[in-house]
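Participant: When you get a sec, could you give me coordinates for this:
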Amino acid sequence: DDELQTDGNRSGHFQNGELELAPTNEDIIRIIAAQLAEIGDQFDKEIQGRAVNDLVQHFLNENLSTQEITLHMSRVVRELMQSIPSDMEQEKAMLVLAMVLTKKIVNTVPSLLHRVFNTTLNYMNQQLHNYIVEMVSATKQ
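Facilitator: Reported below is the predicted structural model:
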């Protein structure tokens, strides 16, 4: 499986000591990333600090498992979905909201980067994996 890298670079795997790049079309990934970033900029204004602070508190609670925090993130995304225009694909809105929340949390508490990134990746894999695959496939055509 290819991995979607947040910096726009392709995923790579070592094979026989050499880096082997995953066979993806960088241009397609960059187009999708640009579209998601534009939507994210619009959503950024809609996300209240209270939602971010609530998630920060969950991430800071080391007694919570990644799965429990993923459930909290999912709940916050569902709540935020109520303020999103209904003409946008639900999965796309959820994907962008998760990424914007991640950015806001990490900007608030940079030391949470590793935990927030892993949780967001877990959330995306659980909730949006098929959508992401379909989005990349549709753009290739």
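Participant: any idea how far residue 60 is from the spatially most central residue of the chain?
Facilitator: Centroid-nearest residue in the chain: residue 99, 3.7 Å away (criterion: CA atoms, centre = their mean). Separation of residue 99 from residue 60 (CB to CB, to the nearest Å): 20 Å. Any C-beta I mention is one placed from the backbone N, CA and C, and that applies to glycine too.
Participant: Now that residue 124 has come up, it's in contact with residue 131, right?
Facilitator: No - at 9.1 Å, residue 124 does not count as touching residue 131 under the criterion of CB atoms under 8 Å.
Participant: which residues do these two both contact?
Facilitator: Here residue 124 and residue 131 have residue 95 as joint contacts, going by CB atoms under 8 Å, 6 or more residues apart in numbering.
Participant: neighbour count winner among the two?
Facilitator: The residue with more neighbours, out of residue 124 and residue 131, is residue 124; 20 against 16, by other CB atoms under 10 Å.
Participant: which ones are touching that one?
Facilitator: With CB under 8 Å, 6+ apart, residue 124 has these contacts: 95, 98, 132.
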